[in-house]
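Participant: Here is the input, now give the coordinates:
(one chain, ligands or ions: 2)
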Amino acid sequence: MIGYLTHDHSLINAFRAFAAAPASAASRGRARRKPVTAEERIFKMAPKLSDYFGAGEIIASKGALDRPISGIVMDSRRVVPGNLFFALPGLRTDGSSFIDEAVTRGAVAVVTAKLPVHAPAKVTFIQVADPRAQLARVAQRYYRFPDRDMSVVGVTGTNGKTTVSHLVKHLLNGDQRVGLIGTINYDLGARTVPSFKTTPESVDIYGMLAQMRDAGCRQAVMEVSSHGIDQQRVLGLGFNVAVFTNLTRDHLDYHKTLDSYFEVKTRLFTGGTGAAPKLAVINLDDPHGEKLAALIPEGSRTVTFGENPRAQIRAEDVSLNFKNTTFRLVWPGGAMQVESPLIGRYNVSNLLAAIATAWALGRDPVVFMPRLKTFPGVAGRMERIEAGQPFNVLVDYAHTDDALRNALGMLRAITPGRLLVVFGCGGNRDRSKRPLMVRAVQEQADFAFATADNPRGESLAQIFADMKAGVTAPDKITWIEDRRRAIGHALDIAQPGDCLLVAGKGHESYQEFADTVIPFDDRQIVRELIAVKTLKN
Ligand SMILES: CC(=O)N[C@H]1[C@@H](OP(=O)(O)OP(=O)(O)OC[C@H]2O[C@@H](n3ccc(=O)[nH]c3=O)[C@H](O)[C@@H]2O)O[C@H](CO)[C@@H](O)[C@@H]1O[C@H](C)C(=O)N[C@@H](C)C(=O)N[C@H](CCC(=O)O)C(=O)O
Ligand SMILES: Nc1ncnc2c1ncn2[C@@H]1O[C@H](COP(=O)(O)OP(=O)(O)OP(=O)(O)O)[C@@H](O)[C@H]1O
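Facilitator: Ligands and ions are numbered 1, 2, ... in the order given. Down below sits the predicted model:
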């Protein structure tokens, strides 16, 4: 559900220019670890273009291969003089149609799947079999293998990636600085910047890992989306740990079937992204977790977690309420009581995933567990809005039918009054989940307001029409296109003891329409509307 800010080119370009900046001469010379391979030794010296390509990777070339480059880009609009431009085949267009633009902007070299017949004399053209894969390989070399200087944890799964990544970072932070790449922000060690993609392009990932390394991070946590795996954004990245949270229906616009969605996720664990992780941390409560555990190659160690009695890291005697979650944690060699302000059963799973990861990395739960008390939570994940109202309001990022069902089911169990929900379905994304989200809402909530949630290039009428295919209880749903008005109506009917879930946008601070992005933050709007209501009364 991220990647939405792509319209905001000023933000993205500004950040990318910074994130993808070449390692400075100072940092190049500041190797903390002795280079171990011949390839790495080369990058101790001033590299030239050909050094970024391994044996057999160049099929054919035109022009000088011994020239230096000032950076790597895959979007012609971001080219600055001296850059190496990668012309990637895309889903909508072919990057090779932007070669002229890239050269006009100052690209000195171009990597492409096919050499042009008439190439400008001053520019080097390099033909490779798979430009996208080559981009990852070149980026890794250009940034001097930052993944080899750090222990990188990759977290994948349909839901929970952000929550688990933030938890892992928090639990490990005690010993050392931990970098983070994910849906909400990128923590680069020396500074934190807003995220533009859950799993950015390979060149941005290696650029950011290099910044973390140079800022002294020895550990990094990354959310790894299925798009990221499929588009080879993490190709060759040496993960120390890969974590699997769960798999439910999502992104079928892209993957077509649940099986192929799962197959893409498995690549992170089986070596399908170039290198199998040393450790696989797997949720045994999820049927796909069981399947995945059977696929882990010899040479990787598996650590399992869940409420499943066969899990190594286990939760027993789980107790849930509005204020906190408690359970007895059992691990090989120990047990202790855990209390967390993260509410809901799925957060037991997220907590176990993070605890299992820290344990797998050799940390002692008795030592790191006190840190849980200071975990600030994750923005827009069951975030409670307290503005003096006599009922509960929570803002949550649930935007799949499964996440909605879980979120509402959990709130239902602890809400004495009625359960109200504001929700919508994103435009230009998996249409098949729309009626399913409506069903989930009808099953669990007493009353729902269906509204806009990033309609993008689609009309709301079309999105609502798809959603209405799932209606079985029409009296339960009010359709209001304007999201602010929908939230206002929900607040108007809420009574003491009720609970209102504003679902779908979580931490997002914008709403995306066909050709514009407007500021829109559910949390701020809820606060404003409650303040207005209070003033009126
Ligand atoms: C659906 C999808 O994943 N699309 C990705 C795909 O885009 P595409 O194939 O359509 O690219 P294209 O527009 O055809 O362009 C082809 C090439 O020409 C280049 N180009 C294009 C225009 C131009 O003027 N100059 C130029 O050089 C582009 O940079 C690109 O390299 O390849 C591009 C890079 O080559 C990605 O940036 C783009 O991600 C888009 C922006 C995106 O939003 N993806 C989302 C769905 C995504 O990846 N989301 C996941 C999270 C999912 C979740 O768990 O919720 C994420 O990791 O963020
Ligand atoms: N372990 C889980 N199982 C099921 N649902 C979950 C789980 N963790 C979180 N959720 C639900 O999914 C929403 C998104 O959670 P989170 O951001 O941690 O997942 P994500 O995998 O990063 O999502 P995305 O891929 O869309 O960025 C939450 O707001 C919550 O409603």
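
Participant: Number of residues surrounding Ala379?
Facilitator: Look at Ala379: counted by other Cβ atoms under 10 Å, it has 18 neighbours. C-beta: built from backbone N, CA, C; applies to glycine.

Participant: actually Glu508, not the one I wrote
Facilitator: 24.

Participant: Please read off the pLDDT at it from the model.
Facilitator: pLDDT for Glu508: 96.

Participant: That one contacts Glu383, doesn't it?
Facilitator: No: checked against Cβ atoms under 8 Å, the pair Glu508 and Glu383 is beyond contact range at 11.9 Å.

Participant: quick one, helices of the stretch 101-250 of the chain?
Facilitator: 131-142, 161-172, 202-214, 226-230 (DSSP state H, counting those that start in this stretch).

Participant: Switch these over to JSON lines; also include distance to Lys122, mean neighbour count and mean pLDDT.
Facilitator: Converted to JSON lines, the helices of the stretch 101-250 of the chain look like this (distance: least, Cβ to Cβ, whole Å; neighbours: other Cβ atoms under 10 Å; pLDDT from 0 to 100):
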{"stretch": "helix 131-142", "distance to Lys122": "21", "mean neighbour count": "23", "mean pLDDT": "97"}
{"stretch": "helix 161-172", "distance to Lys122": "44", "mean neighbour count": "26", "mean pLDDT": "97"}
{"stretch": "helix 202-214", "distance to Lys122": "23", "mean neighbour count": "27", "mean pLDDT": "97"}
{"stretch": "helix 226-230", "distance to Lys122": "35", "mean neighbour count": "22", "mean pLDDT": "97"}
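
Participant: out of the ones you listed, nearest to ligand 2?
Facilitator: Between ligand 2 and these, the shortest separation by Cβ to the nearest ligand atom is 3.3 Å, and it involves helix 161-172.

Participant: quick one: is the closest one near ligand 2?
Facilitator: Yes: using Cβ under 6 Å from any ligand atom, we find that helix 161-172 touches ligand 2 at 161-163.

Participant: tell me the contacts of Ala60?
Facilitator: For Ala60, the contact set (Cβ atoms under 8 Å, 6 or more residues apart in numbering) comprises 115, 126-127.

Participant: Tell me the buried residues within these.
Facilitator: When the contacts of Ala60 are checked for burial by 16 or more other Cβ atoms under 10 Å, the buried set is 126-127.

Participant: Go through the contacts of Ala60 and name the one nearest ligand 1.
Facilitator: Ile126 (16.2 Å).

Participant: My understanding was that Pro455 contacts Ile463; is that so?
Facilitator: Yes: using Cβ under 8 Å, Pro455 is in contact with Ile463, at 6.0 Å.

Participant: Quickly list what's touching both of the two.
Facilitator: Residues touching both Pro455 and Ile463 by Cβ under 8 Å, 6+ apart: Gly427.

Participant: gap between Met467 and Ile525?
Facilitator: Separation of Met467 from Ile525 (Cβ to Cβ, to the nearest Å): 22 Å.

Participant: Of these two, which one has the most company?
Facilitator: Of the pair Met467 and Ile525, Met467 is the one with more neighbours under other Cβ under 10 Å, namely 25 against 19.

Participant: What helices and strands are in contact with the helix or strand encompassing that one?
Facilitator: Met467 is part of helix 460-468, with elements assigned from DSSP states H and E. For helix 460-468, the contact count by 3 or more Cβ pairs under 8 Å, 6 or more residues apart in numbering; DSSP states H and E identifies strand 419-425, helix 433-444, strand 447-452 as packing neighbours.

Participant: Give the other helices and strands that the last one contacts.
Facilitator: The helices and strands touching strand 447-452, judged by 3+ Cβ pairs under 8 Å, 6+ apart, are strand 419-425, helix 433-444, helix 460-468, strand 477-479, helix 483-493.

Participant: do the same with the longest one
Facilitator: Using 3+ Cβ pairs under 8 Å, 6+ apart, the elements in contact with helix 433-444 are helix 401-414, strand 419-425, strand 447-452, helix 460-468, strand 477-479.

Participant: Not counting stretch 198-207 itself, show me its contacts.
Facilitator: 2-3, 16, 19-21, 72-74, 86, 135-136, 139-140, 142-143, 146-147, 161, 181-183, 186, 197, 208, 222-225, 227-229, 231-235, 237.

Participant: which among the residues you listed end up buried?
Facilitator: Buried, going by 16+ other Cβ under 10 Å: 2-3, 16, 19-20, 72-74, 86, 135-136, 139-140, 142-143, 146-147, 161, 181-183, 186, 197, 208, 222-225, 227-229, 231-235, 237, out of the contacts of stretch 198-207.

Participant: Just tell me which of the helices and strands packed on strand 447-452 ends up closest to ligand 1.
Facilitator: Nearest to ligand 1 among the helices and strands packed on strand 447-452 is helix 433-444; the distance by Cβ to the nearest ligand atom comes to 12.0 Å.

Participant: For the closest one, output the C-alpha coordinates as PDB.
Facilitator: What follows is helix 433-444 as a C-alpha-only set of coordinates in PDB (Å, rounded to 0.1, in the frame of the first residue of the first chain):
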ATOM      1  CA  LYS A 433     -10.300  -7.400  -2.400                       C
ATOM      2  CA  ARG A 434     -12.900  -4.600  -2.500                       C
ATOM      3  CA  PRO A 435     -16.100  -6.800  -1.900                       C
ATOM      4  CA  LEU A 436     -14.100  -8.900   0.600                       C
ATOM      5  CA  MET A 437     -13.300  -5.800   2.600                       C
ATOM      6  CA  VAL A 438     -17.000  -4.900   2.700                       C
ATOM      7  CA  ARG A 439     -17.900  -8.400   3.800                       C
ATOM      8  CA  ALA A 440     -15.300  -8.200   6.600                       C
ATOM      9  CA  VAL A 441     -16.800  -5.000   7.800                       C
ATOM     10  CA  GLN A 442     -20.300  -6.300   7.800                       C
ATOM     11  CA  GLU A 443     -19.400  -9.400   9.700                       C
ATOM     12  CA  GLN A 444     -17.600  -7.500  12.500                       C
END
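
Participant: Strand 447-452 and that helix, what's the angle between them?
Facilitator: Per axes from the mean of the first three to the mean of the last three Cα atoms, to 10 degrees, the angle that helix 433-444 makes with strand 447-452 is 160 degrees.

Participant: hmm, who's touching helix 433-444?
Facilitator: 249-250, 252, 399-402, 404-405, 408-409, 412, 419, 421, 423, 425, 448, 450, 463, 466-473, 476-477.
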